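Q: everything below, folded, please.
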Amino acid sequence: LPAFLKTAWAMSVIDLDDTIKAVCRILLKDVSVPWQIRVRRAQALMLLSQIFLRASQAAASASGDQDIKMKVEEAIHAGMREK
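A: The predicted model follows:
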């Protein structure tokens, strides 16, 4: 089961990464809006990424990466028991 969880985690990361890239591409290459709007969108994305990065660093230092992975594993196990 741990191999399954590692695979599921990796697939989730890949899916999130692909989705974020697609959304950013759409936001930044939208020719239906002026270039000034696209620049503002890029600035907003940079700010948002900095906020998420700081939050993830704070969470990792507060509970440790292993704790987060253990919580995900426990949640998946609990979900499997319910079915």
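
Q: nearest residue to the middle of this structure?
A: Centroid-nearest residue in the chain, with Cα atoms, centre = their mean: Leu16, separated by 5.4 Å.

Q: distance check, it against Val23.
A: Leu16 sits 11 Å away from Val23, going by Cβ to Cβ, to the nearest Å. In this view, the C-beta of every residue, glycine as well, is placed from N, C-alpha and C.

Q: Leu45 too?
A: In terms of Cβ to Cβ, Leu45 sits 9 Å off from Val23.

Q: more crowded one of the two?
A: Under the criterion of other Cβ atoms under 10 Å, the comparison of Leu45 against Val23 puts Leu45 first, with 15 against 11.

Q: biggest helix in this structure by residues?
A: In terms of residue count, the longest helix belonging to the chain (DSSP state H) is helix 35-63.

Q: so for that helix, what gets flagged as buried?
A: Across helix 35-63, burial judged by 16 or more other Cβ atoms under 10 Å covers Arg41.

Q: renumber starting at 288 from here on
A: OK, 288 is where the count begins now, so the last one is helix 322-350.

Q: for that helix, which helices and strands make contact with it?
A: Under the contact criterion of 3 or more Cβ pairs under 8 Å, 6 or more residues apart in numbering; DSSP states H and E, helix 322-350 touches helix 289-315.

Q: elements contacting the helix it packs on?
A: Applying 3+ Cβ pairs under 8 Å, 6+ apart, one finds that helix 289-315 contacts helix 322-350, helix 352-369.

Q: Lys316 is nearest to which of these?
A: Closest to Lys316 of the helices and strands packed on helix 289-315 is helix 322-350 (Cβ to Cβ; 7.7 Å).

Q: can you give the distance of that closest one from its chain's centre?
A: Relative to its chain's centre, helix 322-350 lies at 11 Å (Cα atoms, centre = their mean, to the nearest Å).

Q: also stretch 321-333?
A: With Cα atoms, centre = their mean, you get 21 Å for stretch 321-333.

Q: quick one: contacts of it?
A: Residues from elsewhere that reach stretch 321-333 (Cβ atoms under 8 Å, 6 or more residues apart in numbering): 311, 314-317.

Q: just these now: which is nearest Gln337?
A: Cys311 (14.6 Å).

Q: alright, I will stop here.
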